[in-house]
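Asker: sequence and predicted structure are below.
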Amino acid sequence: KAGVTQTPRYLIKTRGQQVTLSCSPISGHRSVSWYQQTPGQGLQFLFEYFSETQRNKGNFPGRFSGRQFSNSRSEMNVSTLELGDSALYLCASSLELAKNIQYFGAGTRLSVL
Amino acid sequence: AQKITQTQPGMFVQEKEAVTLDCTYDTSDQSYGLFWYKQPSSGEMIFLIYQGSYDEQNATEGRYSLNFQKARKSANLVISASQLGDSAMYFCAMSAYNQGGKLIFGQGTELSVKP
């Protein structure tokens, strides 16, 4: 069974641009969550999707958005990139919303110049 | 609000010895899960072990065991017979069941295994 797949693995952008990251969950998993990891702030929850609906959102500005498709694949978008958005973005999938183990992908490392 | 505290930024252990990584948590929720993840330098978060708040027995997964002390709000990870491949960052996390799957992470402990 394939794990969580995130594309691309690495990305370099400049300030002001926008970026879209993709996440394909484990087959059969319906919940997808996104996390941002930085050396200063650690791992922070961005948002969670289940059945194409955002169920939970972390404390991030509106420049961070996401969506989930009918096949459970998810994308997150960051508009008007800032230097501080440089981070490792991790996607995780689980069978259901709660009481389930989340399995993570390898992440997308975003560098904003 | 929930909080996870890992007080050991870095630890060393000799190969084949056991090591305990500390984790304390704070929550007012009664139903929650506790998790440990391993993150090698490649970046991927690897699930190690899970403990539910109502589980009476400590969880075990191969060489990993979780020492769950609910009254003290601690969920320490014990790795037995350390291997060189165990060198990585280790994160403790929790999820309150009434908040879906949202994970709150600690700051992590960097474990180095010496040959």
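Answerer: Sure, I can see it.

Asker: with just CA atoms, put the helix or strand where residue B:91 lies into PDB.
Answerer: Using DSSP states H and E, residue B:91 sits in strand B:88-96. Taking Å, rounded to 0.1, in the frame of the first residue of the first chain, the C-alpha atoms of strand B:88-96 are listed here in PDB:
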ATOM      1  CA  ALA B  88      16.700  11.200  14.800                       C
ATOM      2  CA  MET B  89      14.300  13.800  16.200                       C
ATOM      3  CA  TYR B  90      11.500  12.400  18.300                       C
ATOM      4  CA  PHE B  91       8.200  14.300  18.700                       C
ATOM      5  CA  CYS B  92       5.500  13.700  21.300                       C
ATOM      6  CA  ALA B  93       2.000  14.800  20.200                       C
ATOM      7  CA  MET B  94      -1.500  14.800  21.400                       C
ATOM      8  CA  SER B  95      -5.000  15.000  19.900                       C
ATOM      9  CA  ALA B  96      -8.200  15.800  21.700                       C
END
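
Asker: partner strands of the helix or strand just after that strand, parallel or antiparallel?
Answerer: Where DSSP H and E defines the elements, the next helix or strand beyond strand B:88-96 is strand B:104-105. Using DSSP bridges, strand B:104-105 pairs in its sheet with strand B:88-96 (antiparallel).

Asker: quick one: distance of the partner strand to the chain centre.
Answerer: 5 Å (Cα atoms, centre = their mean, to the nearest Å).

Asker: tell me where chain A has strands.
Answerer: A:5-7, A:10-13, A:19-24, A:31-38, A:42-50, A:53-57, A:64-68, A:74-78, A:87-94, A:103-104, A:108-112 (DSSP state E).

Asker: what about the nearest residue to residue A:89 once chain neighbours are set aside, how many residues nearby?
Answerer: Distance criterion Cβ to Cβ, 6 or more residues apart in numbering or on different chains; nearest residue to residue A:89, sequence neighbours excluded, is residue A:108 at 4.8 Å. C-betas here are computed from N, CA, C, even on glycine. Residues within reach of residue A:108, counting by other Cβ atoms under 10 Å in any protein chain shown, total 22.

Asker: residue B:56 now?
Answerer: Each residue near residue B:56 was counted by other Cβ under 10 Å, and the total is 7.

Asker: the one 4 residues further on now?
Answerer: When neighbours are defined as other Cβ under 10 Å, residue B:60 has 12 of them.

Asker: can you dump the C-alpha atoms of stretch A:70-86 in CSV for me?
Answerer: Only the C-alpha atoms of stretch A:70-86 are listed here, as CSV (Å, rounded to 0.1, in the frame of the first residue of the first chain):
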residue,chain,number,x,y,z
SER,A,70,-13.7,13.9,-4.1
ASN,A,71,-10.9,11.4,-4.3
SER,A,72,-9.5,12.8,-0.9
ARG,A,73,-6.5,14.3,-2.5
SER,A,74,-5.7,17.7,-1.1
GLU,A,75,-4.0,20.9,-2.1
MET,A,76,-2.8,23.8,-0.1
ASN,A,77,-2.2,27.3,-1.4
VAL,A,78,-0.1,30.1,-0.1
SER,A,79,-0.6,33.5,-1.7
THR,A,80,1.6,36.5,-1.5
LEU,A,81,4.5,34.6,-0.1
GLU,A,82,6.6,36.1,2.7
LEU,A,83,10.1,35.2,3.7
GLY,A,84,8.7,33.7,6.9
ASP,A,85,6.7,31.1,4.9
SER,A,86,9.9,29.2,4.3
